[in-house]
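[1] make a model of this:
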Amino acid sequence: MTDAVPPAPAEEIAPAPKKGGLLKSSMIYSGLTLVSRFMGFFRDLAVSYRMGASLTPAADAYNAALAFPNLFRRFFAEGAFAAAFVPAYAKSLQRDGEETADILAADAMATLAASTIIITVICQLAMPWLMMLISPGFAADPAKYKLAVLLTQITMPYLPCMAIVAHLSGVLNARDRFILSAGAPILLNIFTLAFILPQSSAVGAAQWGSVGVVAAGVAQAALLTWGVNKSGAKVHWRLPRLTPEVRELIGKAIPGALAASATQVNIFISGNLASHVAGGRSWLATADRLYQLPLGLVGVAIGVALLPRLSRAVHSGDRDDAQSAMDQAVTLAMAFTLPASVALVAMPGFLSDGLYTRGQFTAFDASQTAAALFFYGLGTPAFVLQQLYSRAFFARGDTKSPMRFALVSVAVNVALGVLLFNLVGVKGIAAATAVASWANVAQMAWGLSRKGHYSPSGQTWSRLIRISLASLGMGLLLAAASHWRDLIEAPLRGIGLTGHAIGAKEFALALTCLAGAALYPPLLFLFGGVKPAELKAALRRGKA
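    Prediction:
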């Protein structure tokens, strides 16, 4: 019979650091995000078909109504807690144990919920005046202006719902549980489709679509509340308390929110400028949906999985694992992002026309969307790298450095956006957003290197070059297919459903995308960007 062993201190019985499994965690998140994005794609098709872009005021008003609460969502909820809450909660789990960590989570949730509810009520009351700030160009069209005010008042309660969802997602992610936080957005697509599809008019679709957004927010919050309870975490509702721990969180969350929300602030500024052109907001929103696919599948997914692991490595002093985590994250992210970026640049017109030109969405709308999509494609790697590099700062409790970099990025975007918008129109706004995002990445890379936190290893640079060559090879095929699009479509004419959504251009686009997707993996393995054995090893749990 062995001697009794005394209970270990809290920091020893807390969840052990997981050095491996970053790719597997990312793939869990990405797999569910892929389902959500595909459903989101069908939602976007329904929105563009029912509401159009430049022909009616509905689409611009609807996109403005979604953009405003989403800006606050990124600013106060997802950005703030990506920056401050997840590292603090993960550290408390490891150091203090589950009970203390869950008290911190409950106090933080109460403070966040109360803050966002107050903001929601103020914004709803002040919306007739705030709309002049959000979309000043709508003032020239009274019908669009009034509709945008109404729709934004309807969608604002989405903010506190999403604040709760983002917070509870942070609780689950810190415990290495990603399924519900990745799957929750699927509800938004289901509810929006259910509310939009039965409508016959553009304005009716916009109004009921806005109601569907709020209904989805309530359902998502309920799902995550159930999920947190099932995980064993005891994060209960309570009145807000400004405890020292919550004050510290707020102090880190404010600059962190600014830093993590740079892309969203830039998108908000872009929408502000685009409101002066009929259909401008909708063109940017449609292009945004296409580049958000790699951003959501890769940048956000890997970033969400990276932060808990990186935070544990930093707090335990494991520099090798911190370096390995970042190298693996950057390589993996670019292996998926660069081909997506090349595809957006190689065939923007083919994509926008093949996917969206139907119903109220005209060929002119598709051409304007394609012009913006080209520049967003150039910026897509930067959009993803922002997500990863910011985590390297956040894991070390540094939220002020990314905030300073983000403010510079926003200044670049405003100045360049105004200049290019007046020179070349709406596509200039997209170009400014891409340049500003690359400026932000350059600053973060310099800051991490200067502080000795992270510089890509020589092997990582070699892999990035090889991935770029494989992506370029695939891009040449896609560009050729886009150039000779008529030759591809000719034998397919008559196959589609006449008068319906599917025809030759849709089949041609699908075949082209499948060809590119089939060509890229062999090129990636041929150039040595990723080796098959490494991919198999990385999929297993444990250190690959």
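
[2] let me see the backbone angles for the nearest residue to Leu223 once chain neighbours are set aside.
    Leaving out its chain neighbours, the residue that sits closest to Leu223 by CB to CB, 6 or more residues apart in numbering is Ala184, at 5.7 Å. The C-beta positions use only the backbone N, C-alpha and C, and glycine is treated the same way. As for Ala184, its main-chain torsions (degrees, to the nearest 10) stand at phi -60, psi -40.

[3] again, but for Phe361
    phi -90, psi 110.

[4] helix, strand or coil: sort out the closest residue to it other than its chain neighbours for me.
    Setting aside the residues directly before and after it, Phe361 is nearest to Ser48 in space (CB to CB, 6+ apart), at 4.3 Å. Following DSSP: H, G, I helix; E, B strand; the rest coil, we place Ser48 in the helix state.

[5] close enough to count as contact, Ser48 and Thr286?
    Yes: between Ser48 and Thr286 there is a contact under CB atoms under 8 Å: 6.4 Å.

[6] overlap in contacts of those two?
    Taking CB atoms under 8 Å, 6 or more residues apart in numbering as the criterion, Ser48 and Thr286 both touch Tyr356.

[7] the residue nearest to Leu223 reaches Leu172, doesn't it?
    No: counting by CB under 8 Å, Ala184 does not reach Leu172; the two are 10.1 Å apart.

[8] and these two? Which one has more around it.
    Ala184 (25 against 20; other CB atoms under 10 Å).

[9] state the pLDDT value of the more buried one.
    Ala184 carries a pLDDT value of 82.

[10] now the one 4 residues further on
    Predicted confidence (pLDDT) at Leu188: the value is 89.

[11] tell me if I'm right that it and Val214 touch.
    No: shown here, Leu188 and Val214 do not form a contact pair, counting by CB under 8 Å, at 10.4 Å.

[12] so Pro185 makes contact with Phe38?
    No: when contacts are counted by CB under 8 Å, Pro185 is not listed as touching Phe38 (11.5 Å).

[13] which of the two has more neighbours?
    Taking neighbours as other CB under 10 Å, Pro185 and Phe38 compare with Pro185 leading, 21 against 13.

[14] tell me which element the closest residue to Gly212 other than its chain neighbours is part of?
    The shortest distance from Gly212 to any non-neighbouring residue, by CB to CB, 6+ apart, is to Phe195 (3.2 Å). Here Phe195, judged by DSSP states H and E, is contained in helix 185-196.

[15] so which bits of that helix are buried?
    Within helix 185-196, the residues that count as buried by 16 or more other CB atoms under 10 Å are 185-193, 195-196.

[16] circling back to that earlier point, dump the residue contacts of the residue nearest to Phe361.
    By CB under 8 Å, 6+ apart, the neighbours of Ser48 are 59, 282, 286, 356, 358-361.

[17] okay, and the common contacts of Ala184 and Leu172?
    Shared contacts of Ala184 and Leu172, defined by CB under 8 Å, 6+ apart, comprise Leu224.

[18] Thr399 versus Ser390, what's the distance?
    9 Å (CB to CB, to the nearest Å).

[19] ok, the residue nearest to Gln292 when sequence neighbours are not counted - how many residues close by?
    Closest residue to Gln292 apart from its sequence neighbours, by CB to CB, 6+ apart: Arg37 at 7.9 Å. Arg37 has 20 neighbouring residues, counting by other CB under 10 Å.

[20] am I right that Arg37 sits in a helix?
    Yes: assessed by three-state DSSP, Arg37 belongs to a helix.

[21] hmm, Leu293 and it touching each other?
    Yes: judged on CB under 8 Å, Arg37 makes contact with Leu293 at a distance of 5.3 Å.

[22] and the residue nearest to Gln360 when sequence neighbours are not counted, what does it touch?
    Once flanking residues are discounted, Gln360 sits nearest to Gly52: 2.6 Å by CB to CB, 6+ apart. The neighbourhood of Gly52, defined by CB under 8 Å, 6+ apart, consists of 58-59, 202, 282, 359-362, 365.

[23] for Gly52, report the pLDDT, please.
    At Gly52, pLDDT is 82.

[24] helices or strands up against whichever strand or helix holds Asp353?
    Asp353 belongs to helix 348-356 when assigned by DSSP H and E. Applying 3 or more CB pairs under 8 Å, 6 or more residues apart in numbering; DSSP states H and E, we find helix 348-356 packed against helix 22-51, helix 280-294, helix 363-394, helix 458-483, helix 504-527.
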